[in-house]
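Trainee: here is a sequence with its predicted model. Questions after.
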Amino acid sequence: MNLSNEIHKGKGLVFDGVGKRFGGIQVLSSISFTASEQKVLALIGPNGAGKTTLINVVCGLIRVDTGDFYLNGESLRGLSPSQVLKKGIVRTFQETRVFPFLSVLDNVMVGMQAQKGENILHALFHTPAMRRDNDEKREKAFHILERLGLERLADETAREIAFGHKKLLELARAVATDANIFLLDEPTAGVEPNMIPKALELIRDLSAKPNNMILIIEHNMDVIREIADEVIVLMVEVIAKGTVATVLRDHRVIRDYLGRVDIAP
């Protein structure tokens, strides 16, 4: 797939022929697609299909063997995780990574620390400016928790809350960074069904902001139908891309991934 026009025009997050092997196993093969701004792109496929590997590639945790990937026309290949974060890219993890001994509220505030940088004199001497900034951050963090229905847990220690709440806490912390590109690895896995709509509403609101985009890995097809503007089906290579309805009618997707033909788009 020739994506040179998208690359040079600087549209969204562009993958161009990305390939990766681990030993003798090909885990990504010629991955080429564009994740557009103000869209939610869902990445689906069976376990071992390369979905999380692709996110790790973007975040600088894994080096690609072939191809390149770009944000707004600028190559991200070879950047460190901290450099990727500075580009406005943030991710959540399949297995939760909260700060276990901090409160839920403080976990969200951690996501804000790199927003504007900290003035060392303010931090050392607790100046009025520092106190005002801290109060503003606490208010913003609490509002994000409210969006996700976690406000009642604000003062709880993160290690003591349920797994599903930790998943939502990771999402809250990502939102707090004010990033533009959100890479969400199964954000609703283990979340109580009655809390999922709040998470999806927040994700949709994030995607609607200018310069923002969401790439979400998800196995829950009800969530995919609800949130995704486009779907990529990944099985080491891209086997299908399109709207939810189009992809779920694709015969190869039905045969190789869904494994049944009775699924309604």
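Mentor: Right, received. Where do you want to start? Residues are numbered from 1 along each chain as shown.

Trainee: how close does Ser32 get to Leu234?
Mentor: From Ser32 across to Leu234, the span is 12 Å (Cβ to Cβ, to the nearest Å). Heads up, the C-betas are built off the backbone N, CA and C, glycines and all.

Trainee: comparing those two, which shows the higher neighbour count?
Mentor: Leu234 (24 against 18; other Cβ atoms under 10 Å).

Trainee: how about the more buried one, what does it touch?
Mentor: The contact partners of Leu234, by Cβ atoms under 8 Å, 6 or more residues apart in numbering, come to Ile31, Leu43, Ile44, Gly45, Ala49, Gly50, Lys51, Leu54.

Trainee: equivalent analysis for Pro197, please.
Mentor: Pro197 touches nothing, counting by Cβ under 8 Å, 6+ apart.

Trainee: state the distance from it to Val223.
Mentor: Distance of Pro197 to Val223, computed by Cβ to Cβ: 10 Å.

Trainee: then Thr52?
Mentor: 17 Å.

Trainee: residue boundaries of the helices in this protein?
Mentor: Counting by DSSP state H, one finds helices in the chain at the ranges 4-9, 51-58, 81-86, 104-110, 120-125, 128-147, 163-176, 196-208, 221-227, 244-248, 251-253.

Trainee: for the fourth one, buried residues please.
Mentor: The one in question is helix 104-110. Residues of helix 104-110 classed as buried by neighbour count (16 or more other Cβ atoms under 10 Å): Val104, Leu105, Asp106, Asn107, Val108, Met109.

Trainee: in CSV, list the residues you listed along with distance to Val84 and pLDDT.
Mentor: Below are the buried residues of helix 104-110 laid out as CSV (distance: Cβ to Cβ, whole Å; pLDDT from 0 to 100):
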residue, distance to Val84, pLDDT
Val104, 26, 96
Leu105, 26, 95
Asp106, 24, 92
Asn107, 21, 93
Val108, 21, 94
Met109, 22, 90
